[in-house]
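[1] Provide a 3D model corresponding to the input given below.
(one chain, ligands or ions: 1)
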Amino acid sequence: MARRILLLGPPGAGKGTQATLISSALHVPHISTGEMLRAAVAARTDLGKQAESVMAAGELVSDELVVAIVDERLAQEDARCGYLLDGFPRNVAQADALNDSVVNAIGTVVLLNVDAEEVIARMMHRAEEEGRADDNEEAIRRRLEVYSADTIPLVTFYGSAVLDVDGMGSVDAVFSRIMIALARS
Ligand code: B4P
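    This is a model prediction of the structure:
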């Protein structure tokens, strides 16, 4: 059965970390809009040039640009038998666009719940290790505001498809909780 899974959670919740593990366990492609956008910035494409300052400020890149890159990615052969979306949709307009573009509806939404203090600590730690442009105090604060205002409404949007998972604790502990929740769904 094709599994179409969304991973939701605040910035720094560990979506990217867990998505890598889940996609390899379930053999579905991991599609991360954050990674696609960072690759575009690094390659200095037109999309990357438009996205760069928006991302560094902790704002969302325009729906038009993001929906276009996701549409193109979901049309690829490997996404026909399922996929794991990480970081998309990030607001209701993107979720509407996804519903319009996908033949089969999204089956499961994994919501990673992590305290604000913990996500800030994780992102500050990543800032020391990787130096990502959006891992600074001001951008992190803005990303958390954008998450509350724009992304949390998706929990209501997806309703009973949402699996609440505790995202606190070690990477392995969180991964086990996700796999148990998915097995029960
Ligand atoms: P994303 O790439 O989606 O980044 P994120 O939300 O910050 O991170 P994530 O939750 O994946 O955290 P990670 O696993 O890395 O977005 C970045 C930006 O791109 C957005 O702000 C926006 O501008 C733009 N964008 C992306 N999608 C968009 C869309 N659909 N529409 C518009 N704009 C969009 O984990 C964080 C850190 O914690 C890592 O260092 C990790 O090692 C660590 N960690 C993970 N799990 C841990 C654990 N259990 N314990 C301790 N540390 C842990």
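
[2] mind checking how far Thr33 is from Ile69?
    7 Å (C-beta to C-beta, to the nearest Å). Quick note: C-beta positions are derived from backbone N, CA and C, even for glycine.

[3] the two: who's more crowded?
    A count of neighbours by other C-beta atoms under 10 Å puts Thr33 above the other of Thr33 and Ile69, at 22 against 18.

[4] now do the phi/psi pair for the more buried one.
    Note on Thr33: backbone dihedrals following degrees, to the nearest 10 are phi -70, psi -30.

[5] now do the contacts for it.
    By C-beta atoms under 8 Å, 6 or more residues apart in numbering, the contact list for Thr33 reads Val66, Ile69, Val70, Asp86, Gly87, Phe88, Arg90.

[6] which strand or helix spans the first one?
    In this case it means Val66. Val66 is part of helix 63-74, with elements assigned from DSSP states H and E.

[7] ok, Ile5 - contacts?
    The neighbours of Ile5, taking C-beta under 8 Å, 6+ apart as the test, are 22, 26, 28, 82-85, 106-110, 182.

[8] for it, helix, strand, or coil?
    Three-state call for Ile5 (DSSP: H, G, I helix; E, B strand; the rest coil): strand.
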